[in-house]
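# Have a look at this prediction, sequence included:
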Amino acid sequence: MTETEQTERFPKRDDDGRIVSLVEMMLFVMILLLVGVLMLSAIDGLFWLLGFGEFGQISGWIAGLLAIFVFLDDFRAWKEFRVRWGVAPVALVLSTVAGLGVVSIMPEFWLPLYHGALGVTVFALIYTVLWFTGMRLMGEREI
């Protein structure tokens, strides 16, 4: 590779900073969710070892914080499109309902850490699909 070639970044983005592939966006969000769950489990485990409560009682929804930064970054990349102010809340409401719906039907014996982790995973994947496709469909109409 020569010095003039740019290294490929993951996920690939266009000149405006928008993620160009739904699959890459979903994979990136999943990686960040996994990192979030692992970090949250490590922190919760450390507090458990130090005698501050039981393991797994922390909310797993916190694991979604890293993924939210991806959504915010992509939201900013669509700054010239007013339709983003419509797509984002619709995607937020629908994905939140789906995430909470999945958590509500889960067995009671699961720890809150894993309840929340599954809920935020469902939320993030549905939000990713709705945001990505919604902006491509609605953004093209706004131009």
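Received, thanks.
# center of the protein - which residue?
Closest to where the C-alpha atoms of the chain average out (CA atoms, centre = their mean) is A67, at 3.3 Å.
# What residues does V90 make contact with?
Applying CB atoms under 8 Å, 6 or more residues apart in numbering, we find V90 in contact with 130, 134. In this view, the C-beta of every residue, glycine as well, is placed from N, C-alpha and C.
# Next up, identify which helix or strand it is on.
Element membership for V90, per DSSP states H and E: helix 84-104.
# Report the buried residues of that helix.
84, 87-88, 91, 95, 98-99, 102-103 (16 or more other CB atoms under 10 Å).
# which stretches of this protein form helices?
22-49, 65-77, 84-104, 112-142 (DSSP state H).
# Please work out the average pLDDT along the longest one.
Throughout helix 112-142, pLDDT has a mean value of 91.
# A88 is in contact with M138, correct?
No - at 10.9 Å, M138 does not count as touching A88 under the criterion of CB atoms under 8 Å.
# so where is the chain shaky, pLDDT-wise?
1-7, 142-143 (pLDDT under 70).
# ok, now with 90
Scanning the chain for pLDDT under 90 picks out the ranges 1-10, 14-17, 51-60, 106-114, 138-143.
# rewinding a little: now the angle from the helix holding V90 to helix 112-142?
150 degrees (axes from the mean of the first three to the mean of the last three CA atoms, to 10 degrees).
# okay, the angle between helix 84-104 and helix 65-77?
Going by the same axes, to 10 degrees, helix 84-104 makes 160 degrees with helix 65-77.
# for helix 84-104, the distance to its chain's centre please.
Here helix 84-104 is found 12 Å from its chain centre; the criterion is CA atoms, centre = their mean, to the nearest Å.
# what's the answer for stretch 27-43, then?
10 Å.
# Need the CA coordinates for that stretch. PDB is fine.
Taking C-alpha atoms only, stretch 27-43 is exported to PDB below (Å, rounded to 0.1, in the frame of the first residue of the first chain):
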ATOM      1  CA  LEU A  27     -22.400  -5.000  12.400                       C
ATOM      2  CA  PHE A  28     -20.800  -1.900  13.900                       C
ATOM      3  CA  VAL A  29     -23.700  -1.400  16.300                       C
ATOM      4  CA  MET A  30     -23.600  -5.100  17.300                       C
ATOM      5  CA  ILE A  31     -19.900  -4.900  18.000                       C
ATOM      6  CA  LEU A  32     -20.500  -1.800  20.100                       C
ATOM      7  CA  LEU A  33     -23.300  -3.500  22.000                       C
ATOM      8  CA  LEU A  34     -21.100  -6.500  22.700                       C
ATOM      9  CA  VAL A  35     -18.300  -4.200  24.000                       C
ATOM     10  CA  GLY A  36     -20.900  -2.400  26.100                       C
ATOM     11  CA  VAL A  37     -22.200  -5.600  27.600                       C
ATOM     12  CA  LEU A  38     -18.700  -6.900  28.300                       C
ATOM     13  CA  MET A  39     -17.700  -3.600  30.000                       C
ATOM     14  CA  LEU A  40     -20.900  -3.500  32.000                       C
ATOM     15  CA  SER A  41     -20.400  -7.100  33.100                       C
ATOM     16  CA  ALA A  42     -16.800  -6.400  34.100                       C
ATOM     17  CA  ILE A  43     -17.800  -3.300  36.100                       C
END
